[in-house]
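K.L.:
Whatever this is, show me its structure:
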Amino acid sequence: MNVSRVFLTLSLIIIMALNVSCSSDSSADSGFVEVKEGRFQIDGKPYVFAGANYWQGMHLGSEKYGDREQLKRELDQLKAYGITNLRIMASCEADVDSKYCMQPALQTAPGVYDNNLWEGLDYLLNEMAKRDMKAIMVLSNFWSWSGGFSQYLKWAGEGEIPYPQEPEHGWWDYGQYTKGFLKNKMTLEWYRNHVMTTVQRQNSINGLMYADDPTIMSWQLANEPRGMDNKDEFAQWIKSTAELIKSMDAKHLVSLGSEGDTPNESEGLKASVDNAYESIDYITMHIWVQNWNWYTPGDGEEAYNKMIHTFNTYWNTHVATAKALNKPLVLEEYGLARDAFSYDSDASINERNLYYQYVYNRFVTNVKTKGAVQGVNFWSYSGESRPPRPGEYWNTGDVFVGDPPHELQGWYGVYDDDISTLELIKEEMSRVK
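P.N.:
Numbers count the residues shown, from 1 in each chain. The predicted model follows:
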């Protein structure tokens, strides 16, 4: 036997084994958010976050339509205050004459895209990656402010959208119109096409496939989807869409994006049912104390305390659902108007801060006791932008603030000079170890 040859062979085997081991370790440190035993983690370490809704990021990142220097300053500020998870729009559908909707649109007709906005989304993700931030990518919308379901229905020839902002229509009329999305073959096909186009996109800035980008935390089926009385169709849409995404992208999480159990059962939501599918990785809840008539700034201490009690009941209900399904829970929308329900950006924010303090204290206490709630995204970050006409609807050409175009501008947005709010978030999150 040639001893030297045996020694060489053994050496090569050892080197190959070491290479495989190193390769495995390298792939394990992927940076992707995962769910393990009902918790978020990244590379085996717990992941909990303070986040914000920053839906306008795609537009702000567009070289043609936005302001990239402003975007970078705003991301820097968020990062500095410990806000590292952003819920952003990865969709926007509109005609040039669509009302109460983001303009310009990413998708101007079924399958027709404005590359300037794709590049805006690419740029946003690339800048977020530089700051070690994570993105929740919202793929459509029940509401008109990004086009969404109602715009698909309009394109399918289902008539004009009954905007609830107009006196001849109400929110119920809009819901009855928009629920048709779930039964229309064309709207469902166009939506699925957009999902596939987005999930399989390659970033034009850094060359990464979206499906390979750890900056993306999750794909979200839509913003606040509602089944209304289409229970079976809603269930099929959730299951089939989530499975479609998983078939293209095994690395990212998938979430529904619903409010949870809304106060009105006619809206067709049940968190324990809607999030039970294996392909839905975590549960979302939204809490809108003012929109749901629980509290308005200026109502007084007794009303505030009653609201907190109702808030806790809603929170606890969804925590119980998360525990039963063994999935993480994210409070991904909540907010409050400025004092005295003022739309003026200079108005004080004492009551808002009191409410934010309560929410973040509750969240951090939950984290320290290994509770189900793993993240909080406030609604929403306006940054440097200010509404040109506070208390009025957005018009084409106006800057985007945290309040979407279908709501009165200056309502919920947190501005770059609302330092007291940002400081309290940073202070509360510093208690998370």
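
K.L.:
Can you mark which positions in stretch 204-213 are buried?
P.N.:
Using 16 or more other Cβ atoms under 10 Å as the test for burial, stretch 204-213 gives 208, 210-211, 213. Bear in mind the C-beta positions are built from the backbone N, C-alpha and C, glycine included.

K.L.:
Closest one to residue 406 out of those, please.
P.N.:
Within those, proximity to residue 406 (Cβ to Cβ) peaks at residue 210, which comes in at 27.5 Å.

K.L.:
Give me the pLDDT for the closest residue to residue 229 other than its chain neighbours.
P.N.:
Distances taken as Cβ to Cβ, 6 or more residues apart in numbering put residue 268 closest to residue 229, at 6.3 Å, once the chain neighbours are dropped. Model confidence at residue 268, given as pLDDT, is 92.

K.L.:
for residue 18, same thing?
P.N.:
Per-residue pLDDT puts residue 18 at 41.

K.L.:
So what would you say the end-to-end distance of stretch 99-106 is?
P.N.:
Taking Cα to Cα, to the nearest Å, the first and last residues of stretch 99-106 lie 15 Å apart.

K.L.:
what's the following helix or strand after the strand or helix carrying residue 365?
P.N.:
With elements taken from DSSP states H and E, the one containing residue 365 is helix 350-368. Using DSSP H and E, the next helix or strand after helix 350-368 towards the C-terminus is strand 373-378.

K.L.:
Identify each buried residue in that following strand, please.
P.N.:
Of all the residues in strand 373-378, those buried under the rule 16+ other Cβ under 10 Å are 373-378.

K.L.:
Okay, now the sheet partners of it, with direction.
P.N.:
Applying DSSP bridges, strand 373-378 is found paired with strand 49-53 (parallel), strand 329-334 (parallel).

K.L.:
how far off helix 350-368 does that strand point, in degrees?
P.N.:
Interaxial angle, strand 373-378 versus helix 350-368 (axes from the mean of the first three to the mean of the last three Cα atoms, to 10 degrees): 160 degrees.

K.L.:
I'd like the next helix or strand past strand 373-378.
P.N.:
Next along the chain after strand 373-378, taking DSSP H and E as the criterion, comes strand 381-383.

K.L.:
Name the residues that touch that next one?
P.N.:
By Cβ atoms under 8 Å, 6 or more residues apart in numbering, the residues outside strand 381-383 that reach it are 52-54, 70, 73-74, 77-78, 83, 401-403, 413-416.

K.L.:
One more: stretch 294-312?
P.N.:
Contacts with stretch 294-312, where a contact means Cβ under 8 Å, 6+ apart, come from 287, 289-290, 336-341, 351-352, 354, 358, 362.

K.L.:
Which member of these is positioned nearest residue 192?
P.N.:
Of all these, residue 287 has the smallest distance to residue 192: 30.4 Å, by Cβ to Cβ.

K.L.:
still on that earlier bit, packing partners for the helix holding residue 365?
P.N.:
In terms of contacts (3 or more Cβ pairs under 8 Å, 6 or more residues apart in numbering; DSSP states H and E), helix 350-368 is packed against helix 301-325, strand 329-334, strand 373-378, helix 419-429.

K.L.:
Reformat those as JSON lines; add distance to residue 396.
P.N.:
What follows is the helices and strands packed on helix 350-368, written out as JSON lines (distance: least, Cβ to Cβ, whole Å):
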{"stretch": "helix 301-325", "distance to residue 396": "36"}
{"stretch": "strand 329-334", "distance to residue 396": "25"}
{"stretch": "strand 373-378", "distance to residue 396": "27"}
{"stretch": "helix 419-429", "distance to residue 396": "30"}
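
K.L.:
Could you dump these into a markdown table and include distance to residue 34 and mean pLDDT?
P.N.:
Shown next, in a markdown table, are the helices and strands packed on helix 350-368 (distance: least, Cβ to Cβ, whole Å; pLDDT from 0 to 100):
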| stretch | distance to residue 34 | mean pLDDT |
| --- | --- | --- |
| helix 301-325 | 16 | 98 |
| strand 329-334 | 15 | 98 |
| strand 373-378 | 12 | 98 |
| helix 419-429 | 21 | 97 |
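
K.L.:
Nearest to residue 225, out of the ones you listed?
P.N.:
Ranked by Cβ to Cβ, the member of these that lies closest to residue 225 is strand 329-334, at 13.3 Å.

K.L.:
any idea how far residue 361 is from the residue most central in space within the chain?
P.N.:
Note on the chain: the residue nearest the mean C-alpha position is residue 87, at 3.1 Å, using Cα atoms, centre = their mean. From residue 87 across to residue 361, the span is 22 Å (Cβ to Cβ, to the nearest Å).
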